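Trainee: Kindly return the folded structure for what I paste below:
(2 chains)
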There are 2 protein chains.
Amino acid sequence: MIIPRSIKNLIEAFERLPGIGPKTAARLTFYLLHIPEEEIDSLAEAVGRLKRDTVTCQTCFNVSEKDPCRICSSPQRERTILAVVESPLDVLALEKAGFKGLYHVLQGVIDPLNNIGPEELKIKELLQRVAADSPPDSLRDSRRAGPTRRVDGETRRVFLGGGFKEIILATNPSVEGEATAMYIKRELDRSAFGGKVTRLARGLPVGGDLEYADDITLGKAIEGRTEY
Amino acid sequence: MIIPRSIKNLIEAFERLPGIGPKTAARLTFYLLHIPEEEIDSLAEAVGRLKRDTVTCQTCFNVSEKDPCRICSSPQRERTILAVVESPLDVLALEKAGFKGLYHVLQGVIDPLNNIGPEELKIKELLQRVAADSPPDSLRDSRRAGPTRRVDGETRRVFLGGGFKEIILATNPSVEGEATAMYIKRELDRSAFGGKVTRLARGLPVGGDLEYADDITLGKAIEGRTEY
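Mentor: Numbers count the residues shown, from 1 in each chain, chains lettered A, B, ... in the order given. Below is the predicted model:
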């Protein structure tokens, strides 16, 4: 093919990105040829800086400028609600939707077909975080204790307050997301965590059309209907 | 918003590209966070090198590594057929389709709504190129001369051979593309060019479906039907 090496290189680099096929890659590349050099350089720099200027927060495992991240270290956040999400993109989505609690990024979902088990995700870290966040021993008196529960054949008293009051399992409503949520729910049930474990509501998307909704979504929408 | 500066910068840079909305921009950016640093660096370098390593061929106005470009300077090309296209992307498309002639890249189309007239395009250069490509005076004898034609009120003898025998006006089958082709056709008619001026066939796309073809395309397909 008679195209310059540098154009071919960029087309190939774009093609490796998800959701970008050969045609889009070529279109993007030739578009860049038309824009001022400063703008190209700023794109090149933004790409180059991406990884150098970011770290993973060792509390919530989101991408961040520093560790702990700005959310984990913010006094303005609602610290008793924790949203467990699959990826940093989901944090972005929940932030835009106005969520004010804390996050825990799993960095994936349980996906046996792709050899991803619970140990590849940040589930162990989640359980440790929830446990560390439990009230200290001095507070574990009967006034703060919740109901008892049978765990692994023995009766345990569950403790509320002090730490997280609610954990929202905000994984995607996909097969893998549901399986991951189910796994974490079971692990939390077996732990000392005594708060609520919730899941995001399933139903019709706002602006959506009943006619085009799939059976399962519509089923969930009926199941979860609210009083008007 | 609580997202690192370097991530925000790249999302914004991606968003400026055509056909990439805020969601795709964010998805691409977070994807890049997961791939090895070498691969990111190679993308950054490919972007940065794009403009530094390319020039515009001053014969055909395609992007190229050198001037004249490899197509214009190749002895293997069919030098009597010239395809006039809108952009370098169209050159790529025709190359893939197996076209073996030469190209002339207009670098746009006549588009009055966006203030793009014929003088903004490489039409003057096309006419000069076609004229320069005409046979030298010594060859303008009656044996090589074609039919006479009335141009601007006077009868002119048209000369064939030596230069281009056919000019394919391969602009897009859009309103602007058709208008541009029509304008160039008129200019060529008024020039000394005596070869054929053609246009790419309009009809059903291969693999397409008669049922879903629009009226105009189907009309063109009927009009241009070929013997079986």
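Trainee: contacts, neighbours, all on C-alpha from now
Mentor: Will do.
Trainee: gap between residue A:104 and residue B:112?
Mentor: If you measure residue A:104 against residue B:112 using CA to CA, to the nearest Å, the figure is 54 Å.
Trainee: Could you check which of those two has the larger neighbour count?
Mentor: Higher neighbour count among residue A:104 and residue B:112: residue A:104, with 28 against 10, using other CA atoms under 10 Å in any protein chain shown.
Trainee: Surely that one is in a strand?
Mentor: Yes: assessed with DSSP: H, G, I helix; E, B strand; the rest coil, residue A:104 lies in a strand.
Trainee: Which parts of chain A are strands?
Mentor: Using DSSP state E, the strands found in chain A span residues A:55-56, A:63-64, A:81-85, A:102-105, A:145-151, A:154-159, A:166-169, A:196-199.
Trainee: Give me the contacts around stretch A:201-214.
Mentor: Defining contact as CA atoms under 8 Å, 6 or more residues apart in numbering or on different chains, one finds that stretch A:201-214 is touched by A:173, A:217-218, A:220-222, A:224.
Trainee: Mind checking which of those are buried?
Mentor: Among those, the ones that count as buried by 16 or more other CA atoms under 10 Å in any protein chain shown are A:217-218, A:221.
Trainee: care to break chain A down by domain?
Mentor: Following automatic domain parsing, chain A resolves into domains at A:5-52, A:76-195.
Trainee: Comparing those by mean pLDDT, which bottoms out?
Mentor: With a mean of 83, domain A:76-195 has the lowest mean pLDDT of these.
Trainee: That domain close to chain B?
Mentor: Yes: applying CA under 8 Å from any CA of the partner chain, one finds domain A:76-195 in contact with chain B at A:88-89, A:92, A:95.
Trainee: Equivalent analysis for stretch A:4-23, please.
Mentor: Yes: where contact is defined by CA under 8 Å from any CA, part of stretch A:4-23 touches chain B, namely A:4-7, A:9-10, A:13-14, A:17-18.
Trainee: Now do the end-to-end distance for that stretch.
Mentor: Its start and end residues considered, stretch A:4-23 measures 17 Å (CA to CA).
Trainee: and it, which residues are buried?
Mentor: Of the residues in stretch A:4-23, A:4-15 count as buried by neighbour count, 16+ other CA under 10 Å.
Trainee: before we move on, what about stretch A:70-82?
Mentor: A:71-72, A:79-82.
Trainee: just stretch A:163-181 next, same as before
Mentor: Using 16+ other CA under 10 Å as the burial criterion, the residues of stretch A:163-181 that qualify are A:163-172, A:176-181.
Trainee: Centre of the chain to that stretch, how far?
Mentor: Averaged C-alpha coordinates place stretch A:163-181 at 9 Å from its chain's average position (CA atoms, centre = their mean, to the nearest Å).
Trainee: In JSON lines: the domains of chain A, plus distance to residue A:58.
Mentor: Written out in JSON lines, the entries for the domains of chain A read as follows (distance: least, CA to CA, whole Å):
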{"stretch": "domain A:5-52", "distance to residue A:58": "16"}
{"stretch": "domain A:76-195", "distance to residue A:58": "9"}
